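**Q** sharing a model that was predicted from the sequence below.
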Amino acid sequence: MLKEARFSQILDAVNRHKFVSMHDLMSLTDSSESTIRADLIELDRQGKLIRLRGGAQAINDETLSYELSVEQKMEIQSGAKKAIAMKAVTFIRPNMFIYLDAGTSTYALAEELNIPGVTVVTNSFLIARKVMSKGLKVYVVGGEIKLSTDALVGPFAQESVARFRFDLGFFGVNGVDLKAGFTTPDLVEATMKQTAFDHCEKAFVLADSTKFGIVTAVSFHPFDPTALITDTITKDAYKHLNILEAKL
């Protein structure tokens, strides 16, 4: 099959199903793994889809009701997440008491966190381990483990986090929209985010530019441009707003 025909079939499948595995794309096009991998790299470079570990995601999926795994999310916009994390860490001062929400953007922030005396509360085991490796004090809230996002959620987690008052909080997000606000696909995770958000003196949402204009099932906070840290803004509707940009 010619490359152009494979590209057409791949894009049609990804746009119809929102996420398609590598194995399914190989079967669909009767192609080898190395061929499909090269195709996905090229289509990702062209901005026509998002290449993930094990498959590809539609780039224009503007109403999402599902959630990718942590491993899949780690593959998305890694350079942008690092730039956003480097911008976010400039707001943290020594001896601050901060909250890090579960997520890959906040994990990127944990990787950059080397500020003495900072105490971190998180609902993520991955983030907790990363913060501990920096020699910083960390508390993990209790609750039900959501394996797909490495998040502790539910009533016990909400009760735990509601006991604290944070200097700063940093949150992941699945969608950012002018009307729908900051959204995530899961109700219990959205409730957890909202509870923690409300207990921060200042809260930031870390969202790369692919999240803008996306709406998922549950809103956890109204849209607030002063709470956003992103990479270069590409959508015109957001360019005039007071959003912090971490230029790549």
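**A** Done, it's in.
**Q** all contacts plus neighbour counts: C-alpha atoms, from now on.
**A** OK.
**Q** how far off centre is the top helix by length along the chain?
**A** Identified as the longest helix of the chain according to DSSP state H is helix 3-17. How far helix 3-17 lies from its chain's middle: 25 Å, per CA atoms, centre = their mean, to the nearest Å.
**Q** any buried residues in that helix, and which?
**A** Across helix 3-17, burial judged by 16 or more other CA atoms under 10 Å covers 6-7, 10-11, 13-15.
**Q** which other helices and strands contact it?
**A** helix 22-29, helix 33-45, strand 55-58 (3 or more CA pairs under 8 Å, 6 or more residues apart in numbering; DSSP states H and E).
**Q** which parts of this protein are helices?
**A** Using DSSP H, helices in the chain cover 3-17, 22-29, 33-45, 70-74, 78-88, 104-112, 125-133, 155-161, 187-197, 236-239.
**Q** can I get the longest one in PDB? Just the C-alpha atoms.
**A** As requested, the backbone C-alpha atoms of helix 3-17 are provided in PDB (Å, rounded to 0.1, in the frame of the first residue of the first chain):
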ATOM      1  CA  LYS A   3       2.200   5.800   1.900                       C
ATOM      2  CA  GLU A   4      -0.600   8.300   1.000                       C
ATOM      3  CA  ALA A   5      -3.200   5.600   1.200                       C
ATOM      4  CA  ARG A   6      -1.900   4.400   4.600                       C
ATOM      5  CA  PHE A   7      -2.000   8.000   5.800                       C
ATOM      6  CA  SER A   8      -5.600   8.300   4.700                       C
ATOM      7  CA  GLN A   9      -6.700   5.100   6.400                       C
ATOM      8  CA  ILE A  10      -4.800   5.900   9.600                       C
ATOM      9  CA  LEU A  11      -6.300   9.400   9.900                       C
ATOM     10  CA  ASP A  12      -9.800   8.100   9.100                       C
ATOM     11  CA  ALA A  13      -9.500   5.400  11.800                       C
ATOM     12  CA  VAL A  14      -8.000   7.800  14.400                       C
ATOM     13  CA  ASN A  15     -10.600  10.500  13.800                       C
ATOM     14  CA  ARG A  16     -13.500   8.100  14.000                       C
ATOM     15  CA  HIS A  17     -12.300   6.100  17.000                       C
END
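**Q** and the angle for that helix with helix 22-29?
**A** Counting by axes from the mean of the first three to the mean of the last three CA atoms, to 10 degrees, helix 3-17 lies at 130 degrees to helix 22-29.
**Q** show me the residues around Lys235 that make contact.
**A** Residues near Lys235 by CA atoms under 8 Å, 6 or more residues apart in numbering: Phe212.
**Q** domain ranges for the chain, per the record?
**A** 3-61, 73-245 (automatic domain parsing).
**Q** quick one: average confidence on the last one?
**A** Predicted confidence along domain 73-245 averages 93 (mean pLDDT).
**Q** so what's the residue count around the closest residue to Gly117 other than its chain neighbours?
**A** Using CA to CA, 6 or more residues apart in numbering and skipping the chain neighbours, the partner closest in space to Gly117 is Asn95 (4.1 Å). Using other CA atoms under 10 Å, Asn95 is surrounded by 12 other residues.
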